[in-house]
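[1] How does the following fold in three dimensions:
(chains A and B)
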Amino acid sequence: MWDKLTEIQAKAEEAVASCRDLAALTEIKVAYLGKKGEITQISRMMGEVSPEERPRLGQAVNQTKQKVEAAIQQRMEELKEAALNQSLADETVDITLPGTAFPAGSLHILTTVRREIEDIFIGMGYTIMEGPQVETDYYNFEALNIPKDHPARDMQDSFYFSGNLLLRTHTSPAQAHAMEQMQGNYPVKIIAPGVVYRRDDDATHSPMFHQVEGLLLDENVTMGDLKGTLLAFAQQMFGADRQIRLRPSFFPFTEPSAEVDVSCFACGGAGCRLCKGSGWIEILGSGMVHPNVLQMSGYDPQKLTGFAFGMGVERIAMLKYGITDMRLLFDNDVRFLSGFGRA
Amino acid sequence: MRVSYNWLKDYLPINITAEELAEKMTFAGLEIDEVEPRCQELSGVVVGKVNRCEKMEGSDHLHICAVYDGEREETVVCGAPNVAAGQTVAFAKVGATLPGGFTIGCKKAFGVESRGMLCSQKELGVGEDHSGIWLLPDYLQAGADLVETLRLKDQVLVVELTPNRSDCLGVLNCAREAAALTGLKAAEPDLSYPEEGPDIQGMIDIQVDDPAICPRYLARLVTGVRIGPSPLWMQQYLLAAGMRPINNVVDIANFVMLEYNQPLHTFDYQSLRGKKIYVREAALGEELTTLDGKNRVFNGDEILICDGEGPVCLAGVMGGFNSEVTENTQDILIESACFEPVHIRRTARRLGIPSESSQRFEKGIDAASCDLAARRAAQLLVRYCGGTAAKGAVDICRESFAPKRILLRRAKVNALLGMDYSMEEIVQVMKNLAFGLEPAEETEAVWVTAPTYRRDIVLEEDLIEEVARLKGYDHIPATIPLNQTCGYRNREQSLELRVKELCAGLGLQETVNYSFISPKEAARLRLPAGHPWCGGLRIQNPLNEEQSVMRQSLLPGLLHAVSRNNSRRNLDVRLFEMGMSFVPAGGLQAGQLEEEPLQPEEKLLLGFALSGAPAVNWQKQGRAYDFFFLKGIVESLFRALGISGLRYQRLHAPYLHPGRAAEIFLDDTLLGYIGEIHPLTAAAYELENRTVVGELYMAPLFAAANNIPQKHDLPRYPEVKRDIALLGDANVAAADIEAAIRRAGGAYLRKVELFDLYDGAPIPAGQRSLAYSLSFVNEERTLTDKEVDQSFAAIVKTLQENLHIQLR
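    Below you'll find the model as predicted:
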């Protein structure tokens, strides 16, 4: 009996060790430990041994049983791990295949740039207002100190619907609208982004384009404040190292007036093709609000001063993103639109 | 304006280079586009005398000339048509350098060695004339260096003038500006000359009908002039300014105009009938043959200069043929006048004859300089044409042109500029500008009188700008305004941006199209006459017909964009646009003419156009974009904006597929439409593939948008799911079935989701199978099967009874 037990244990351990799959292992488990298993059989033969021997044999059978169970358990874990490893190996994919395709949307570069501009001025405490695109002569010209037959009207060839109604030629009418809405209260501190129109069409002009107007009206606003505000804008828009330069110019609705150049962000001011060797790039027009404009909109120029500025969104987009032909902005070729695939 | 640097130097002893001056002027507000070199490379060109000139045998146009260069005679072959013996010419010797670095060598033509070249003005770079060689006055010494003799080397400042500084259309005013910038003083031209003729009073009778159209009319008379070429220095100045020398009288008038910014006109005094000048507005239909030989018919708002019998000059624009100075003219009446700008502008525009004269009058001139310019012209006519000046002038001047006094306060200067200039600095700027100064009663202030030619100086702010620009804008510090305000986007502005971002996130590409469209779009969209979109606001002066009507829909622009992409083989097109539409006020009808339209209503729209299919990829073949693809996008958009409860109603629109188009309602508010483009419209736009489009109205959409979900709790009890498969008539709308299920499903029915639709065999024709997944939840306790069974039974009963739909 003892010999048989030893023999069974050896046989069982040998079978477990050589077992190659889980199903066979289960069979082995049944064959030794099942109801009719060999070890179970031995414990049933307990009656055949003497009562004195019984406890010892029982203990031996239990030990054998535990050893075989442990061997099976261990082997089962080994086989499970091997099976998992195998199935993971089988599931290996070519990780260099392209990912699942999602349609890629995009915002128009003009939207992106307009938002950048807006965000900079929102950060400086400006709110946003918009006026009509079909504007009256009064707001587009008269209220901006451009009376009928003023030579400055030559600067802007306009699209007319009638003697009085036209497509606005700039976002500057927003100045008058903003002041009227504020009804004499101040500060007036707005930017006005929007679509404007002029009778021009070539590689650098589009009959429809976008501007952002800015107006700050308050007590003690100086031309230095204009310069500081525009410097902050230029540095956020074009890089922290940028400088700006003001050049005297003329706009009927500002006095003094200034064109504003930013130090070239391509060459840093050393001179390159982008800045035509000058180191500077013109980005916007500005000035101190003309007293006539203040008066017409119900503000006292002796009490308040203000500055205003206007910039072309297309120009800034083209400069910042290296677009050379303005017509591409309105052509809507999906390959161009995808080039600015920021959603 | 093109200003000769040599000419500028006649007024002030500038000791800086033209480039340095250009830089100073640019940063003081007179932008110099370019400093253009003039004859800078020219060398080895001398005055030559053509001693002999013979036709060359074997050539139809060449001549062999013997040219004396002051030392020897050279043989030169010349092809110019005007070459002849006895002429004084510009002779480029062998080794001479012409513009562009072109060097003259020996050349053989028909066996004859040509040593040098006779030059035209263009070949020398002094003018545009290339019709023949440049003929020089005979008094020039043979062999004299041409560049030195004629002071040819020069630089031209090309000035880009802003409208407020039209005074700098006069070289003298440019010199005054340069003086202010350099601290020099500009010398006024010496205007003295002998008046040896009879008194002009009694020789001409001048009347001005209305001083409003002609605030000043001044005339001087110079008799006995000899017409001939003008002095060479004057010709050089004119050429540098871009004007062609004609003869001494015309050139003097042009020279004085360029000098004083005062256009002059010269009449042949003897041709003036009745020795009268009458300035008046034209009568309707009146005619005059102008200098260019064209017969002009007037419409009544031109200003005419008439003599005793009729018009002799179109004031400020062009002279009349009948009073023109010809080579036989002896007596010259100089007109130096000031005409009303708007009349001149309209006339020059209408007749299409803008001139150096009209553009100056249009911008407004200094009436005070009429007298100076007339004196200058008389002086030059006496000096260079051998004329005799009559005594005095006739001056019809009803207004005083005395300049206005302006108080300039130091406090205001510094408050506006953010500077701390002293009174001395401010006064010094005024002095440099030669502005008149008088002490003021106030301290730290001064009364300033700007000269009459500075018509742009009206207010204290104008003087402050003078201080700022002459001291230099770069001195102004960069400061940040002291006020503190909150910046933000309002609700609509934030939503606009949010909607655009959602659209891009849903895979659409944003486009920007022009707001004006073609009137032909109506036909492409198959719109019937009288459709509201046919009556868009029309631009009176469009660039072209294709861009002449304000859009009321984004569709045409989007469809053209799809078409343009298709033509470039971009077949996967998913576009959106957020843009304004312009709805005419007062319901303007198609074809209806309205002289004075009202401001339109500007409505913000969101448009879509999807065409083609996603590009084929290794995982799957993309499904073509269709009605449901776009509907899915629109539904996602609404969901993201927190808008629910939409109703789709079949839409019949001429440009849309009648079976695949819907209007979208929220309660009774129309939010927009979606649909597939009608095949005929697709053909009109040359679309390659089926295209689905849509437009949403942003105002009601924004009003409905509810960005923050109102419910935050998760259900605490499990939901129970039941599937229901139905069979019924294919014409019963899915929306009606869903509504019936929801009505009958009771309070616990939460979700009704269609998960299968089938109408193939064995489903009978005209029927379809729909399978829905239903889920039930009770917020207070776990639902029993019995409760769900009851709801399910109620749903089945309702569907059977109301819609004749059976369980499958």
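
[2] Where does pLDDT dip in the chain?
    If you meant another chain, say so; for now it's chain A. Counting by pLDDT under 70, chain A shows low-confidence ranges at A:151-152, A:154-156, A:340-343.

[3] try again with chain B
    Those would be B:587-595, B:707-712, if you go by pLDDT under 70 across chain B.

[4] Please determine whether the helix or strand containing residue B:498 lies in contact with chain A.
    Assigned by DSSP states H and E, residue B:498 falls within helix B:491-505. Yes - Helix B:491-505 comes into contact with chain A (CB under 8 Å from any CB of the partner chain), by way of B:493, B:497, B:500-501, B:503-505. Any C-beta I mention is one placed from the backbone N, CA and C, and that applies to glycine too.

[5] Tell me the one of the residues you listed nearest chain A?
    Chain A has its nearest neighbour among these in residue B:504, at 3.6 Å by CB to the nearest CB.

[6] about what we covered before: I'd like to know which of the residues of helix B:491-505 next to chain A are buried.
    B:493, B:497, B:500-501, B:503-504 (16 or more other CB atoms under 10 Å in any protein chain shown).

[7] in the stretch 151-300 of chain A, which spans are strands?
    Under the criterion DSSP state E, counting those that start in this stretch, the stretch 151-300 of chain A contains strands at A:165-167, A:188-197, A:208-218, A:244-251, A:254-263, A:280-289.

[8] Residue A:199 reaches residue A:157, doesn't it?
    Yes - Residue A:199 is within contact range of residue A:157, at 4.0 Å (criterion: CB atoms under 8 Å).

[9] Neighbour count for these two, which is higher?
    Between residue A:199 and residue A:157, residue A:199 has the larger neighbour count (other CB atoms under 10 Å in any protein chain shown), namely 17 against 14.

[10] Roughly how far does the more buried one sit from residue B:541?
    7 Å (CB to CB, to the nearest Å).

[11] ok, now residue A:20?
    Relative to residue B:541, and taking CB to CB, residue A:20 is found at 91 Å.

[12] helix, strand or coil for the closest residue to chain A within the stretch 201-350 of chain B?
    Residue nearest to chain A within the stretch 201-350 of chain B (CB to the nearest CB): residue B:342, separated by 4.4 Å. Under DSSP: H, G, I helix; E, B strand; the rest coil, residue B:342 falls in the helix class.

[13] Count the residues that sit near it.
    For residue B:342, the count of nearby residues is 15 (other CB under 10 Å).

[14] Wait, it touches residue A:150, no?
    No - look at residue B:342 against residue A:150 with CB under 8 Å: they stay out of range, at 9.9 Å.

[15] returning to that earlier point: check contacts around the residue of the stretch 201-350 of chain B closest to chain A.
    residue A:149 (CB atoms under 8 Å, 6 or more residues apart in numbering or on different chains).

[16] Assign the closest residue in space to residue B:189 that isn't next to it in sequence to helix, strand or coil.
    Residue nearest to residue B:189 in three dimensions, not counting chain neighbours: residue B:376, with 6.2 Å by CB to CB, 6 or more residues apart in numbering or on different chains. Following three-state DSSP, we place residue B:376 in the helix state.

[17] Quick check: the gap between residue B:376 and chain A.
    26 Å (CB to the nearest CB, to the nearest Å).

[18] that older thread, quick check: neighbours shared by residue A:199 and residue B:541?
    Residues touching both residue A:199 and residue B:541 by CB under 8 Å, 6+ apart: residue A:159.

[19] for residue B:75, what are its contacts?
    Residue B:75 touches B:64-67, B:112-115, counting by CB under 8 Å, 6+ apart.

[20] residues near residue 174, how many?
    No chain specified, so I'll use chain A. By other CB under 10 Å, neighbour count at residue A:174 equals 29.

[21] wrong one, I was asking about chain B
    27.

[22] Tell me which other helices or strands the helix or strand encompassing it touches.
    Following DSSP H and E, the helix or strand that holds residue B:174 is helix B:171-182. Packing partners of helix B:171-182 (3 or more CB pairs under 8 Å, 6 or more residues apart in numbering or on different chains; DSSP states H and E): strand B:2-4, helix B:5-11, helix B:18-26, helix B:248-260, helix B:423-432.
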